[in-house]
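[1] predicted model, plus sequence, below.
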Amino acid sequence: MVKTPQQNGLVERTYRYLLETPRQLRVHAGLPKYFRGECIPSATHIINQLPMANLKWQSPFELLFHSKSKLEKLSLLCCQA
């Protein structure tokens, strides 16, 4: 909302986090810039597996599916699994 600058700061930080994570995945994997769109789903998947303080150290995946996520199934970007 426009009239609540406190919430705008949170939204701005979250938005920046959602943009920087795929960028860092792409840079770390050594991919050219045109692969940016391919990194966004991977970054979203990783973010949804991470525990969050505001969710009492549970991940969004745990809250949605009522089970622990299987982190051993994560693989490196650009890695054939």
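    That came in fine, so what should we check first?

[2] what residue lies at the spatial centre of this structure?
    What sits nearest the mean C-alpha location of the chain, by Cα atoms, centre = their mean, is Ile47, with 2.9 Å.

[3] how about the CA coordinates for the helix or strand in which it is found, as CSV?
    Secondary-structure assignment from DSSP states H and E places Ile47 in helix 36-49. Coordinates of the C-alpha atoms in helix 36-49 are reproduced here as CSV (Å, rounded to 0.1, in the frame of the first residue of the first chain):
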residue,chain,number,x,y,z
ARG,A,36,18.4,-15.6,-16.4
GLY,A,37,14.8,-16.9,-17.0
GLU,A,38,15.9,-20.5,-16.5
CYS,A,39,17.4,-19.6,-13.1
ILE,A,40,14.2,-18.0,-11.6
PRO,A,41,12.3,-21.3,-11.1
SER,A,42,15.4,-22.9,-9.6
ALA,A,43,15.9,-20.0,-7.2
THR,A,44,12.2,-20.0,-6.3
HIS,A,45,12.4,-23.8,-5.5
ILE,A,46,15.4,-23.3,-3.3
ILE,A,47,13.9,-20.3,-1.4
ASN,A,48,10.7,-22.4,-0.7
GLN,A,49,12.9,-25.1,0.9
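
[4] measure the residue nearest to the centre of the chain to Tyr34 for me?
    Note on Ile47: its distance to Tyr34, by Cβ to Cβ, to the nearest Å, is 22 Å. Glycine gets a C-beta too; all of them are placed from N, C-alpha and C.

[5] picking that back up, so what's the residue nearest to the centre of the chain up against?
    The contact partners of Ile47, taken as Cβ atoms under 8 Å, 6 or more residues apart in numbering, are Tyr17, Leu18, Thr21.

[6] let's have those residues in CSV, adding secondary structure.
    Formatted as CSV, those follow (DSSP: H, G, I helix; E, B strand; the rest coil):
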residue, secondary structure
Tyr17, helix
Leu18, helix
Thr21, helix
